[in-house]
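Asks: Okay, predicted coordinates and the sequence, questions at the end:
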Amino acid sequence: MPSPHISLDAIRALASEKTFARGMAYFHEGAVGTIDEDGDTISATVTGTHPYHVELTNCDGELDYDCTCPVGEDGEFCKHAVALGLAWLENGGEEVFHADESKTPKKKRVSKSDMLRKYLGKHRISIRNSERFFRHIV
Ligand SMILES: [Zn+2]
């Protein structure tokens, strides 16, 4: 079965650490749709904020990439490409390392909206009505 030259190393080499982490998150969230294989090219729709069509191609042993998102169109290896690559590696039976998940920046600080959500949950107030409610208590 012909397959594009996709490896964890190749993805890591092309993506910045931040992009890699975001792509990994997308992959774990199941953002990657069904992967189509066509010769040396794999493609899928990756749905994050918006659905984008991503392609990874084996271009004479080099990993080439294409994505319809603004970052991808600028020629950067975007998080969607990372997500597709990781999904393909997993489907291909290769192990995707999970060790780097700890590198993903964690939101430890509790935001105002989190506090509000907690408060509302405690008081059984639905989020739908929260905006109006919140105006009264501020
Ligand atoms: Zn993209």
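Replies: Perfect, thanks for sending it.
Asks: need the residues of this structure near the ion, please.
Replies: Counting by CB under 5 Å from the ion, the residues of the chain close to the ion are 52, 67, 69, 72, 78, 80. For glycine as for every other residue, the C-beta is placed from the backbone atoms N, C-alpha and C.
Asks: out of those residues, which are inside helices?
Replies: 72, 80 (DSSP state H).
Asks: Of the residues of the chain next to the ion - the most surrounded one?
Replies: H80 (31 neighbours; other CB atoms under 10 Å).
Asks: distance of E62 from H50?
Replies: As for E62, its distance to H50 is 28 Å (criterion: CB to CB, to the nearest Å).
Asks: Could I get the contacting residues of C69?
Replies: Contacts here follow CB atoms under 8 Å, 6 or more residues apart in numbering; on that basis C69 touches 50, 52, 78, 80.
Asks: Tabulate the residues of the chain next to the ion in JSON lines, adding columns for pLDDT.
Replies: Listed next are the residues of the chain next to the ion as JSON lines, based on pLDDT from 0 to 100:
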{"residue": "Y52", "pLDDT": "97"}
{"residue": "C67", "pLDDT": "97"}
{"residue": "C69", "pLDDT": "97"}
{"residue": "G72", "pLDDT": "94"}
{"residue": "C78", "pLDDT": "97"}
{"residue": "H80", "pLDDT": "98"}
